[in-house]
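Engineer: okay, structure incoming, though there's no sequence with it:
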Ligand code: HXC
C-alpha cells in the first residue's frame, strides 16, 4: 500500500471511530438533549489538550451474532488532557454504541487510563452514560466491571476520582461512580439506578419512570448519592472543572495555591452583629462563609441534601480549604444521620488529599427521637466523630454560637486534635442548653412547685444561673479548650493566619493495616 494510502486508511479509521455508533445514534443523542462522549470531553478539557488512547479497539464477543455489531473504540472514549493546565485522565462512555454498555474490551480501555493515572498521580474523571454490563457478554462484562471497581478501590485516597452521570446509568455504571469521591448529575438527563425500569418491571412488576427511580434531584436531595447537580450538561461539566481547581492531583501533593487580590486582613463589620439576640433565631451560616473566604467564592458540596450541615471548598489567602459549618437556618443546625454521613465523607476526602479543614460551629446537639435512633444515628454520628478525630490535616475551628454536648465534641473540638480553636464572644459551650439543663438538674424541685408563676420564676432564675456560667466562651477558654476569643469581623484574618501557621503541620496515626471506622 502506498504511503498516502496508509495515511488515508489511518484517517478513515479515525473518522470512523469518531462516529461512535453512527450518525443515527448521534442524532438520537442530540434529539434527547444529550451531548456525545466526545463533545463532553471537549467541554471538560482545555482546548486541544486531549490525547486519545485505543480508538481502534473492538469487542471480541460473538454471542448473539455480536460480531455484526462492532464499532471502532467500542463504546468508550479514553485518554488524558488538561484542565486549566493540570493533567487529568478521562473516560467517557458512548451511549450510541450499544447503549454505552460495558464490554470486556471497554473495561480494558478504562482500566488502562486508571492504571496510568495512578502511576502518574493524576485525577481520573469518568463521564458515564451506560446501561451497565453488556448483557451479551455475560461473565466477561461482569469481570470487566470488577476490574474497574478494584481499581476504584485501590485509587481511593491516592488520586481524586470524579464521576459524572449523563443519561440513564445502571448497574456497574453506578457502582463504579459510587466508589469514587464525587458524583455529578445534570437535571436534564441524568439517571442512576441499580437496575433500569425495564428490569424493575420484569422482576417486581412495578411501573416506574427513570425520573422517579433515579433522577438527578432524587439523588441530590433524597439519597445523597449525588454531590453536585447542574442545570445542564454544560454547566455540570463546568463545575467539574471548578472542583479540580480546589484539589491536588494526588495524595502526596498540596492543593494548588490560587493567587487572589482579596486582602487577608479584610474586616467584615457585619459579622459583629450577625448572631441574633434571640438564641433560637436563625441566620444563614453561608453569609459567614462568603464573608470570610477569598472573593466570596464557595463551591458547595451536597447543596441539596442534609442542609443542616454546609460543606464545600473555598480558598483562603490563596490556600484551598474544606469548610464544614452547621446551618442554623435548617433544623436549627442540629446533627442527624444524614448530616453526619455528609460531614464524615467530606472531612475524610479533605484529609486524604491534604486540604485543611475550617469548621464553623453553631450546633444545638444531635436530633433526638425514634426516627433518628432507628436509622442508626449512633453509628452515623460516630462516623463524623471518627473522621474528625482521624484527620491529620490542619484543623481550625471557630465556634460562632451554640456548641452543645456530643455535637460539640464532633465538630472538631480541641481534644479531637483540632489545632487552633477560636470562639466568637457569642459562643455558648456546654453539655446542653439552659432549659434542658434546668429540667434535669432541678426536676425534683420543679415537681414540688405548684404555683405556675413561682415555677416560671424559679426556672428563669436557674436558667440565668446556668447561662451566666456557660452561655459564653470564657469558661472553655479558661481551660485552654478555646485558644482565643476573637471579634467576629476579624475572622477571615485570624483563620488565614492560623492556616498559614499550620502549613507545615505534621501529625500521624498509629501504624495499622487500615482503620475500622463505623460504616
Ligand atoms: C446490552 C444494552 C444494555 C446492556 C442498553 N443496551 N443497556 N445492551 N447490555 N446492559 C442497548 C439496548 O439494547 C439498545 O440497543 C441501546 O442500548 C439503547 O437502549 P434503550 O433501552 O433503547 O434505551 P433507553 O430506552 O434510553 O433505556 C436505557 C436503559 C435501558 C434504561 C439503560 O436500556 C435499560 O434498562 N438497560 C438495562 C439496564 C440494567 O438493568 N443494567 C444492569 C446491568 S447489570 P439497540 O440496538 O436497540 O439500540 C450490571 C452489573 C454490574 O451492570 C455489577 C454491579 C455491581
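Structural biologist: Good, I have the coordinates. Given the structure is predicted, the values throughout are model-derived calculations rather than measurements.

Engineer: when you work out contacts or count neighbours from here on, use the C-alpha atoms and nothing else.
Structural biologist: Noted.

Engineer: now the element after the helix ranked longest in the chain, going C-ward?
Structural biologist: The longest helix of the chain (DSSP state H) is helix 452-470. Once the chain leaves helix 452-470, the next helix or strand it forms, by DSSP states H and E, is helix 474-478.

Engineer: the residue in the stretch 401-519 of the chain positioned nearest to the ligand: neighbour count?
Structural biologist: Closest to the ligand within the stretch 401-519 of the chain is residue 519: 18.9 Å, counting by C-alpha to the nearest ligand atom. Residues lying near residue 519 (other C-alpha atoms under 10 Å) number 8.

Engineer: what of residue 316?
Structural biologist: Applying other C-alpha under 10 Å, we find 28 residues neighbouring residue 316.

Engineer: same deal with residue 499?
Structural biologist: 24.

Engineer: give the buried residues for the helix or strand containing it.
Structural biologist: Here residue 499 sits within helix 491-501, counting by DSSP H and E. For helix 491-501, burial by neighbour count (16 or more other C-alpha atoms under 10 Å) applies to 491-496, 498-499.

Engineer: got it, and stretch 423-438?
Structural biologist: 423-434, 437-438.

Engineer: doesn't residue 70 lie inside a strand?
Structural biologist: No - read with DSSP: H, G, I helix; E, B strand; the rest coil, residue 70 is coil and lies in no strand.

Engineer: quick one: contacts for it?
Structural biologist: Residue 70 makes contact with 58-59, according to C-alpha atoms under 8 Å, 6 or more residues apart in numbering.

Engineer: ok, it to the ligand distance?
Structural biologist: 11 Å (C-alpha to the nearest ligand atom, to the nearest Å).

Engineer: give me the local confidence score for residue 261.
Structural biologist: At residue 261, the model reports a pLDDT of 96.

Engineer: so what's residue 507 up against?
Structural biologist: Each residue near residue 507 by C-alpha under 8 Å, 6+ apart is listed here: 392-393.

Engineer: quick one: pLDDT of it?
Structural biologist: In this prediction residue 507 is given a pLDDT of 96.

Engineer: got it, and the one 4 residues further on?
Structural biologist: For residue 511, the model assigns a pLDDT of 97.

Engineer: buried residues in the longest helix of the chain?
Structural biologist: 455, 458-459, 462-464, 466-467, 470.

Engineer: swap in stretch 40-54?
Structural biologist: In stretch 40-54, counting by 16+ other C-alpha under 10 Å, buried: 40-41, 44-46, 50, 53-54.

Engineer: neighbouring contacts of that stretch?
Structural biologist: Contacts for stretch 40-54 (C-alpha under 8 Å, 6+ apart): 73, 77-85, 90, 92, 109, 127, 234, 237-238, 240-241.

Engineer: next: stretch 474-484.
Structural biologist: Residues contacting stretch 474-484 (C-alpha under 8 Å, 6+ apart): 413-414, 420-423, 429, 469, 473, 485.

Engineer: repeat that with 6 Å
Structural biologist: 414, 421-422 (C-alpha atoms under 6 Å, 6 or more residues apart in numbering).

Engineer: so among those residues, which ones count as buried?
Structural biologist: Taking 16+ other C-alpha under 10 Å as the criterion, what is buried in the contacts of stretch 474-484 is 414, 421-422.

Engineer: dump these to a markdown table, plus distance to residue 104, secondary structure and pLDDT.
Structural biologist: Converted to a markdown table, the buried ones among the contacts of stretch 474-484 look like this (distance: C-alpha to C-alpha, whole Å; DSSP: H, G, I helix; E, B strand; the rest coil; pLDDT from 0 to 100):
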| residue | distance to residue 104 | secondary structure | pLDDT |
| --- | --- | --- | --- |
| 414 | 51 | helix | 97 |
| 421 | 52 | strand | 98 |
| 422 | 54 | strand | 98 |
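
Engineer: can you say which of these are also within reach of the ligand?
Structural biologist: Filtering these for proximity to the ligand by C-alpha under 6 Å from any ligand atom leaves nothing.

Engineer: can you pull the contacts of the residue of the stretch 401-519 of the chain closest to the ligand?
Structural biologist: Contacts of residue 519 by C-alpha under 6 Å, 6+ apart: none found.

Engineer: re the thing from before, farthest-separated two in the buried residues of stretch 40-54?
Structural biologist: 46 and 54 (20.6 Å; C-alpha to C-alpha).

Engineer: point out the least confident one among the buried residues of helix 452-470.
Structural biologist: The minimum pLDDT among those falls on residue 470, with 87.

Engineer: show me the contacts for that residue.
Structural biologist: Listed by C-alpha under 6 Å, 6+ apart, the contact partners of residue 470 are residue 430.

Engineer: ok, it to residue 477 distance?
Structural biologist: Going from residue 470 to residue 477 by C-alpha to C-alpha, to the nearest Å gives 11 Å.

Engineer: do residue 11 as well
Structural biologist: 72 Å.

Engineer: what of residue 55?
Structural biologist: Counting by C-alpha to C-alpha, the gap from residue 55 to residue 477 is 63 Å.
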